[in-house]
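**Q** only geometry, no sequence info:
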């Protein structure tokens, strides 16, 4: 089994009046990995992303997030301003796997210029609005994007979000999938069924249900 590719993802927050919005970009429908899905800008770490004479994967992921955000969305951000929020690893058994570091940062203005190749569209959306659009079938969100938006929907403004994320412990997600009669259950560390890949185990919950009627996140 191949090791997952390291990658960096940038979650861009923009203050708009009494709330904030997040940049989502739509991946080209022809892409094999999450084609047509709405995600945050980001991509695979290149060798040039590593700091000189260092093997610092987090710094490399930051640099990849900065580079990919410019390439995909035409937005300039800076690695020094990126706050590490979470790390997501694609479940085993899938043909393409990544370990993605998710960073959050504030931006001003809404000047976005998508590349028109890998990225076909973009939207600035409130977290709750994006979740509602996913629930209605208007847009498709991969599980990491969904859970990240769900967590960010707890905050009222950019400053509060950034301060809280900077203080919190790194959230790590290495899903193990349990198939049920209703669909798939992505089990995360801390769930009672995590080690056994069994969604029916009684006890603590940390999981995302991906079923016919939508997504449902549970954390006890």
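**A** Received, thanks. Everything numeric in this text was worked out from a predicted model, so none of it was measured. Numbers count the residues shown, from 1 in each chain.
**Q** packing partners for the longest helix anywhere in the chain?
**A** Longest helix in the chain, counting residues (DSSP state H): helix 57-73. Helix 57-73 sits against strand 5-16, strand 19-27, strand 42-44, strand 98-106, strand 119-125, with contacts defined as 3 or more CB pairs under 8 Å, 6 or more residues apart in numbering; DSSP states H and E. C-beta: built from backbone N, CA, C; applies to glycine.
**Q** could you say what helices and strands the worst-scoring helix or strand of the chain on mean pLDDT packs with?
**A** Every helix and strand of the chain was ranked by mean pLDDT, DSSP states H and E. The lowest is strand 176-180, at a mean of 90. Applying 3+ CB pairs under 8 Å, 6+ apart, we find strand 176-180 packed against strand 183-187.
**Q** which stretches of the protein have low pLDDT?
**A** Applying pLDDT under 70 to the chain flags the ranges 1, 31-35, 53.
**Q** Show me how it divides into domains.
**A** 5-174, 175-220 (automatic domain parsing).
**Q** Next one: the nearest residue to residue 200 once chain neighbours are set aside relative to residue 7, how far apart?
**A** Computed as CB to CB, 6 or more residues apart in numbering, the closest residue to residue 200 that is not its neighbour in sequence is residue 193, at 6.8 Å. Per CB to CB, to the nearest Å, residue 193 is found 28 Å from residue 7.
**Q** same question, residue 122
**A** Applying CB to CB, the value for residue 122 to residue 7 is 19 Å.
**Q** before we move on, what about residue 215?
**A** Using CB to CB, one gets 22 Å for the distance from residue 215 to residue 7.
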